[in-house]
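*Asks:* Here you go, sequence then predicted model.
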Amino acid sequence: MSKHQAIEAVFEDGVFRPLAEVKLPEHQRVSIVITVQDDLPAQLLAMVAENGGSFAFLTAHAEDLYSPDDGEAV
C-alpha cells in the first residue's frame with residue numbers, strides 16, 4: 001500500500017529533520033523525493049526583476065519590433 005504525504009524538512013548533519021510532526025511508527029521505512037526550495041519566493045523575485053529595470057525594454061520605443069512603417073496594420 002502506498003500513501004503519499006508531503007512534508008517540509010531541513011537537511012542538517014546528514015539527516016533530514018521534519019519541520020512538522022510526522023505520524024509514523026518507529027523504524028517505518030519511507031521513500032523520499034527531494035525538491036530543493038528557492039531561498040526567495042517567486043513573487044519576490046518577480047518584484048525585484050520588475051523594479052530593478054529588467055523589463056524596462058518593454059516600454060522603450062527603440063525596442064519595438066514593429067512600427068507604422070513596417071506595412072499594413074493587422
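*Replies:* Noted; the coordinates are in hand.

*Asks:* Please, where are all the strands along this protein?
*Replies:* Per DSSP state E, the chain carries strands over the ranges 9-12, 15-18.

*Asks:* Can I get the last one in PDB, CA atoms only?
*Replies:* It stands for strand 15-18. The C-alpha trace of strand 15-18 is given here as PDB (Å, rounded to 0.1, in the frame of the first residue of the first chain):
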ATOM      1  CA  VAL A  15      19.900  13.900   8.500                       C
ATOM      2  CA  PHE A  16      16.500  15.200   7.200                       C
ATOM      3  CA  ARG A  17      14.700  16.900  10.100                       C
ATOM      4  CA  PRO A  18      10.900  17.400   9.500                       C
END
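
*Asks:* Show me what it pairs with in its sheet, parallel or antiparallel.
*Replies:* Strands that pair with strand 15-18, judged by DSSP bridges, come out as strand 9-12 (antiparallel).

*Asks:* picking up where we left off before, a markdown table for the strands of the chain, including distance to residue 61?
*Replies:* For glycine as for every other residue, the C-beta is placed from the backbone atoms N, C-alpha and C. What follows is the strands of the chain, written out as a markdown table (distance: least, Cβ to Cβ, whole Å):
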| stretch | distance to residue 61 |
| --- | --- |
| strand 9-12 | 49 |
| strand 15-18 | 53 |
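
*Asks:* Residue 70 is nearest to which of these?
*Replies:* Ranking the strands of the chain by proximity to residue 70 (Cβ to Cβ) places strand 9-12 first, at 54.7 Å.

*Asks:* show me what contacts the residue most central in space within the chain?
*Replies:* A centroid search over the chain (Cα atoms, centre = their mean) returns residue 42, at 5.1 Å, as the residue closest to the centre. Remark: with contacts taken as Cβ atoms under 8 Å, 6 or more residues apart in numbering, residue 42 is in contact with nothing.

*Asks:* mind checking pLDDT for it?
*Replies:* In this model, residue 42 is scored at 81, pLDDT.

*Asks:* thinking again about what came up before, right, and the strands of the chain - which one's nearest residue 36?
*Replies:* The closest approach between residue 36 and any of those, judged by Cβ to Cβ, belongs to strand 9-12 at 9.5 Å.

*Asks:* With that, I have no additional questions.
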